[in-house]
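>>> Using only what follows, build the 3D model:
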Amino acid sequence: MTCKRKYKKKKITKKEIKKKKGKKRTTLLLIFALLLLPVVVANTYQINTTIDIRHPIRVDGSPAPNAICNITVLNPINNIIVDYREMENKSSSHNYSVNYSLIDQVGTYVYYITCIDLDGNETESFEFDVTFTGKEEPSGIFKVVLTIFFIFLLAILTYLVMYTFGKLTKFEVDIINVAYNWGFLFALLGFYIVFNTYWADAAIAGFITLIITITGITNGFLPILFFFISVIFGTLKKRRMPDVFGRRR
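Okay, the predicted model is just below:
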């Protein structure tokens, strides 16, 4: 006679279901964030850097290794920064380096290359973009996401300032408050790194740097202040406590 072992089906609790759903949402948010991140493209350069322009030598669509080529470069406000300068002949391409001092504005630069040889001449136009980071300007959706997150951080900062101030006025020591403040500081540093890498607006970056500096200095003094408050109040409580004979110290 054989005995059949009964197996009980494990019931999945609501807590476990919520946990699984939370993991899926987190994964989807990470994928969405990665899709929003701007990518580096070949014709995008960083401001105040020397740009090497290289082009194959062609006249009327055919290779022309003996051609003489000149380049003219216009900045985003259509000022000529390179005026019909001869390019260096490298047999397979013509090269010209635009000095970093001329790349002093963010935007689209247009340049014209005119090549001349015995068979004729040809002028072609090209362009490249210059940004603060050397990466393509982020999309509108990415900017909106960063802006919303920044507003959210400002709301948390306002709450923490009010909460900490309330604790200080009541002379209450709260180590959790210090932990919250440090956690906010690290979150703000992470946001600053992402912002400065993919957007790098000078005005906003300066404002975030100011907040980080103030928060960092404050967080450095808070533990010391709370320590002295705890020592003072601990001493006062000991003095008010009665001894074994019922007398106050």
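
>>> Can you name the residues that contact the residue nearest to Thr123 when sequence neighbours are not counted?
With Cβ to Cβ, 6 or more residues apart in numbering as the criterion, Thr123 has its nearest non-adjacent residue at 4.4 Å, and that residue is Thr114. (Each C-beta comes from the backbone N, C-alpha and C, glycine too.) Going by Cβ atoms under 8 Å, 6 or more residues apart in numbering, Thr114 touches 69-72, 84, 121-123.

>>> one more time with 7 Å, if that's ok
Counting by Cβ atoms under 7 Å, 6 or more residues apart in numbering, Thr114 touches 69-70, 121, 123.

>>> Can you flag the buried ones in those residues?
For these, a neighbour count by 16 or more other Cβ atoms under 10 Å gives the buried set as 69-70.

>>> hmm, back to that, what's the first helix or strand after the helix or strand hosting the residue nearest to Thr123?
Per DSSP states H and E, Thr114 falls inside strand 107-117. Counting by DSSP H and E, the element after strand 107-117 in chain order, helix or strand, is strand 120-131.

>>> Contacts for that following strand, please.
Residues outside strand 120-131 that contact it (Cβ under 7 Å, 6+ apart) are 43-47, 51, 59-60, 103, 105-115, 137.

>>> ok, it: who's next to it in the sheet?
Strand 120-131 has its sheet partners listed here by DSSP bridges as strand 44-46 (parallel), strand 107-117 (antiparallel).

>>> Using PDB, write out every CA atom in it.
Output of strand 120-131 as PDB, limited to C-alpha atoms (Å, rounded to 0.1, in the frame of the first residue of the first chain):
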ATOM      1  CA  GLY A 120      37.000  72.300 -62.000                       C
ATOM      2  CA  ASN A 121      35.900  73.400 -58.600                       C
ATOM      3  CA  GLU A 122      33.200  72.500 -56.100                       C
ATOM      4  CA  THR A 123      31.800  74.000 -52.900                       C
ATOM      5  CA  GLU A 124      30.000  72.000 -50.300                       C
ATOM      6  CA  SER A 125      28.400  73.000 -47.000                       C
ATOM      7  CA  PHE A 126      28.400  71.100 -43.700                       C
ATOM      8  CA  GLU A 127      27.600  71.800 -40.100                       C
ATOM      9  CA  PHE A 128      28.300  70.600 -36.600                       C
ATOM     10  CA  ASP A 129      26.700  71.300 -33.200                       C
ATOM     11  CA  VAL A 130      28.400  72.600 -30.100                       C
ATOM     12  CA  THR A 131      27.000  72.000 -26.600                       C
END
